[in-house]
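S.K.: One predicted model, sequence on top.
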Amino acid sequence: MKYRFLGLTLACVAVGVSAGVGARVGGQDAPACESGGPAIEAKIVGLKDRSGRMKLELYPATEADFLADDSLLIAAGKVFHRVWAPVPQAGPVTLCIKVPKPGHYALFFTHDRDGKNKFNFWRDGGGEPSNIRIGAAKPKLATATIEVGDGVTVTTIKAQYLRGLSGLGPLNKAE
């Protein structure tokens, strides 16, 4: 009997260990996180569902440039980078985005639930590193700013969705 219990215990430990090892970092920049950066590894929590795809965007940490048109930023030689990844059907959700060098950046996450690549306020979700409630107004630079070092900077972003007329917020009030 004690051997059967020991075998069951070891099997449970092995499953627990392999679940952590199998966690996959998504997005075309995943190699930047695997090789040590500089990059941002964003753990996404609070997704409404597992539909569509996810987008992570990197902007200069200035009011004028945050959420500005990407073609204008690129034409001006400013920092802008975007990664896409399908939403995994199960397990942890993590995206990687490389950065040009250590420094301050603005980061914004979008859950494009319908896959149309146009933010639908009524359906899609968004989030920032600060996890402060976004509301109905344009997100603020101060809540999206993140400092990135030489290696991989890890952050957790809570996805927020429309919550009545008050705008975007986490699905669970405890989040």
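M.R.: Good, I have the coordinates. Residues are numbered from 1 along each chain as shown.
S.K.: how about the nearest residue to A90 once chain neighbours are set aside, phi and psi?
M.R.: With CB to CB, 6 or more residues apart in numbering as the measure, R50 is the residue that lies nearest to A90, at 7.4 Å, once sequence neighbours are left out. Glycine gets a C-beta too; all of them are placed from N, C-alpha and C. Phi and psi for R50, reported as degrees, to the nearest 10, are phi -110, psi 40.
S.K.: Please tell me the pLDDT value assigned to R50.
M.R.: At R50, the pLDDT value in this model is 94.
S.K.: right, and it touches G91 too?
M.R.: No - the criterion here is CB atoms under 8 Å, and R50 misses it with G91 at 9.9 Å.
S.K.: Comparing these two, which shows the higher neighbour count?
M.R.: Set R50 next to G91 and count neighbours by other CB atoms under 10 Å: R50 wins out with 14 against 11.
S.K.: Just the C-alphas of the longest strand along the chain, formatted as PDB.
M.R.: The longest strand of the chain (DSSP state E) is strand 103-112. In PDB, the C-alpha atoms belonging to strand 103-112 read as follows (Å, rounded to 0.1, in the frame of the first residue of the first chain):
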ATOM      1  CA  GLY A 103      15.200  52.000 -21.100                       C
ATOM      2  CA  HIS A 104      11.700  53.400 -20.500                       C
ATOM      3  CA  TYR A 105       8.900  52.300 -22.900                       C
ATOM      4  CA  ALA A 106       5.100  52.300 -23.100                       C
ATOM      5  CA  LEU A 107       3.400  48.900 -23.500                       C
ATOM      6  CA  PHE A 108      -0.200  48.100 -24.500                       C
ATOM      7  CA  PHE A 109      -1.900  44.800 -24.800                       C
ATOM      8  CA  THR A 110      -5.000  44.000 -26.900                       C
ATOM      9  CA  HIS A 111      -7.200  40.900 -27.000                       C
ATOM     10  CA  ASP A 112      -8.600  41.000 -30.500                       C
END
